[in-house]
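Asks: test case, fold it:
(one chain, ligands or ions: 3)
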Amino acid sequence: MSENNLTLHTDKYQINMMYAHFLKGTDKAKAVFEVYFRKLPFEGGYAVCAGLERVIQYIQNLHFGEEEIAYLRMQEENYREDFLSALRDFKFRGDLQAIPEGTLVFPNVPLVRVVGSIFEAQLVETAILNFVNYQTLIATKASRIKQVAPNDILLEFGTRRAQEADAAIWGARASYVAGFHATSNLRAGMLFGIPTKGTHAHAWVQAHDTEEEAFRAYADALPEQVTLLVDTYDTLRSGVPNAIRTARLLQSRGKRMNAIRLDSGDLAYLSQQARHMLDEAGFPEVKIVASNDLDENIIEGLKAQDAKIDVWGVGTQLITAADQPSLGGVYKLVAREKDGVIVPVIKISGNPEKVTNPGFKDAYRIMNKKTGKAEADYLALQQEEDVKNGERIKLFDPIHPYIFKFIDNYEAIPLLQNIFAGGELVYKLPSLDEIRAYHAEQMKSFWPQYLRKLNPEGYRVNLSTALWKLKMDLIHAHTSM
Ligand SMILES: Nc1ncnc2c1ncn2[C@@H]1O[C@H](COP(=O)(O)OP(=O)(O)OP(=O)(O)O)[C@@H](O)[C@H]1O
Ligand SMILES: O=P(O)(O)OC[C@H]1O[C@H](OP(=O)(O)OP(=O)(O)O)[C@H](O)[C@@H]1O
Ligand SMILES: O=C(O)c1cccnc1
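Replies: Ligands and ions are numbered 1, 2, ... in the order given. Got it, this is the predicted structure:
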């Protein structure tokens, strides 16, 4: 089995639609699809875009090999041989635009746009959603954690509880983009260049007759990297005193102990007591690591309780985005070729929030030139000139258009970058550290009221007047039939 070929990492209905288009002769018709989500995760005020590196790898490697063709031939659909031959010759030849990783993103803004034949654009939907939904979700969760501990060290510990191997490594990468400092997953470190860190488990202590012996043996083995887990038996009566003995031993050898780790009990109380004991013993530089089902709320609470914790190891809650396990991003057709012309299309819903924004459009971030802060995201049809030229534009709520304001002193930054053109990669993916630094800059370009964890202000995502009118016209055309 060629595990690395992700071409069949798609829903069967995509292949069935491709087949039906092929038989009908419409497979080469052009289509424009957009990826976006409708609601921010975690009841937060923003999301952090991620997933592009994986999307690029996926698109570049798309091909139906003999194994894939043989498997499709076995399907109950009895696909015709000429269709299977067309798949054998398949290559992504379309265009793809995307918002760079690390960018703050908001509902209804296209994160990825695919412009290609309906054949290829349909095939890639499932995988693109799979990558972008997960990685954006984890980057967002990690960013929320970063916000409550901006000056502390954050370690990603989630692999053992992640939803399988891909989630572990791409989740580690997404966490790093959002400001985590290291991961415990060595493969993620090797693949992406993320710094790696590790302490030791309870099993290390349990594998010895005494805790003190275990600590000493660990210090002998890794004298430069000693972080001792102190809660196996009794944190304050045995763990911390034994750790202090080990620190003294290391000191006598000209070495320093790094840290202790607390993994159970009242982390506020235990960290304060342990800090006091370490300081009294003359080890103020020994840091305190905490872990145990941490998330942004617990960390915030611990900081409010004046917990003396320098390093946070965060696993399950982060890697599984436990309080909201899916972003809910969608891939919607917004325009298609009809009689040789690209025409906008719409999907109507009884819920106004779910009606799609039609047409081939651009997405801009409207930056207020006076404050340097983001004012709104603005979706406009591609041919509209006013926003491109920086002329006065009207910002109005698309659901409640009577709420509006005009803005003229702005810079409109295009959000979508060209990634593939005619199937060729035309984008140079920044290094992971550049992406991480760019994300930190992004955070500074927003007012704090949009970023706060609880009850944030809603950031505006507005439609140009022309786009709004097009949407209304299409709604009326479809509802008055
Ligand atoms: N001072 C504190 N304030 C708020 N939450 C805390 C505090 N100390 C620890 N927690 C959190 O409370 C939860 C404690 O869970 P639980 O009772 O299962 O752990 P425990 O008492 O350490 O037991 P175990 O030994 O089974 O790990 C964890 O999520 C932990 O991060
Ligand atoms: O709590 P999380 O945020 O998921 O962080 C990872 C957890 O994984 C380890 O525990 P585990 O019980 O798996 O192993 P251990 O024996 O090393 O404690 C570690 O001690 C953390 O508690
Ligand atoms: O290094 C650690 O302490 C670690 C790694 C993974 C999970 N829990 C803890």
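
Asks: I'd assumed Tyr218 was in contact with Asn242.
Replies: No. Counting by Cβ atoms under 8 Å, Asn242 does not reach Tyr218; the two are 11.0 Å apart. C-beta coordinates here come from the backbone N, C-alpha and C atoms, glycine included.

Asks: now the common contact residues for those two.
Replies: Taking Cβ atoms under 8 Å, 6 or more residues apart in numbering as the criterion, Asn242 and Tyr218 both touch Leu228.

Asks: can I get the lengthiest helix in the chain as CSV, trimmed to CA atoms?
Replies: Using DSSP state H, we find that the single longest helix of the chain is helix 125-148. Below are the C-alpha coordinates for helix 125-148, written out as CSV (Å, rounded to 0.1, in the frame of the first residue of the first chain):
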residue,chain,number,x,y,z
GLU,A,125,-11.9,19.6,-1.6
THR,A,126,-11.8,16.9,1.0
ALA,A,127,-8.1,16.9,1.7
ILE,A,128,-7.8,20.7,1.7
LEU,A,129,-10.6,21.0,4.2
ASN,A,130,-9.1,18.2,6.3
PHE,A,131,-5.7,20.0,6.5
VAL,A,132,-6.9,23.5,6.9
ASN,A,133,-9.7,22.8,9.3
TYR,A,134,-7.4,20.9,11.7
GLN,A,135,-4.3,23.0,11.6
THR,A,136,-6.2,26.3,11.8
LEU,A,137,-8.1,24.9,14.8
ILE,A,138,-5.0,23.8,16.7
ALA,A,139,-3.0,27.0,15.8
THR,A,140,-6.0,29.0,17.2
LYS,A,141,-6.1,26.9,20.4
ALA,A,142,-2.4,27.3,20.8
SER,A,143,-2.6,31.1,20.3
ARG,A,144,-5.2,31.3,23.1
ILE,A,145,-2.9,29.5,25.4
LYS,A,146,0.0,31.8,24.3
GLN,A,147,-2.1,34.8,25.2
VAL,A,148,-2.6,33.8,28.8
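
Asks: what's the helix or strand that it is followed by packed up against?
Replies: Proceeding N to C from helix 125-148, the next assigned helix or strand is strand 153-156, under DSSP states H and E. Judged by 3 or more Cβ pairs under 8 Å, 6 or more residues apart in numbering; DSSP states H and E, strand 153-156 is in contact with helix 125-148, helix 164-177, strand 182-183, strand 311-314.

Asks: got the buried residues for the very next helix or strand once past the shortest one?
Replies: Think strand 182-183. Next helix or strand after strand 182-183 toward the C-terminus (DSSP H and E): helix 186-192. The neighbour-count check on helix 186-192 (16 or more other Cβ atoms under 10 Å) flags 188-189, 192 as buried.

Asks: how about stretch 286-304?
Replies: Buried residues in stretch 286-304, counted by 16+ other Cβ under 10 Å: 286-292, 294-296, 298-300, 302.

Asks: interface residues of the stretch 51-200 of the chain facing ligand 2?
Replies: Neighbours of ligand 2 within the stretch 51-200 of the chain, by Cβ under 6 Å from any ligand atom: 157, 160-161.

Asks: and ligand 3, which of those residues contact it?
Replies: Among these, the residues lying close to ligand 3 (Cβ under 6 Å from any ligand atom) are Phe157.

Asks: ok, back up a step: looking at the buried residues of helix 186-192, spot the one nearest ligand 1.
Replies: Closest approach to ligand 1 among the buried residues of helix 186-192 (Cβ to the nearest ligand atom): Ala188, at 23.5 Å.

Asks: what's the pLDDT at the closest one?
Replies: Reported pLDDT at Ala188 in the predicted model: 98.

Asks: near ligand 3, which residues of the stretch 51-200 of the chain?
Replies: Proximity of the stretch 51-200 of the chain to ligand 3 (Cβ under 6 Å from any ligand atom) is limited to residues 157, 184, 198-199.

Asks: the helix or strand Leu96 falls within pairs with which strands?
Replies: According to DSSP H and E, Leu96 maps onto strand 95-98. Paired neighbours of strand 95-98 in the sheet (DSSP bridges): strand 112-117 (antiparallel), strand 417-421 (antiparallel).

Asks: dump that strand to PDB, restricted to CA.
Replies: The C-alpha trace of strand 95-98 is given here as PDB (Å, rounded to 0.1, in the frame of the first residue of the first chain):
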ATOM      1  CA  ASP A  95      -4.700  28.000  -9.800                       C
ATOM      2  CA  LEU A  96      -4.700  28.200  -6.100                       C
ATOM      3  CA  GLN A  97      -4.600  31.200  -3.900                       C
ATOM      4  CA  ALA A  98      -4.400  31.100  -0.100                       C
END
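
Asks: which is the next helix or strand following it?
Replies: Criterion used, DSSP H and E; the element after strand 95-98 is strand 104-105.

Asks: in the chain, where is pLDDT below threshold?
Replies: 1-3, 481 (pLDDT under 70).

Asks: rerun at 50
Replies: Applying pLDDT under 50 to the chain flags no residue at all.

Asks: give me the domain ranges for it.
Replies: 12-138+325-479, 199-309 (automatic domain parsing).

Asks: ok, which of the ones you listed comes nearest Asp166?
Replies: The minimum distance between Asp166 and those falls on domain 12-138+325-479, with 8.5 Å, by Cβ to Cβ.
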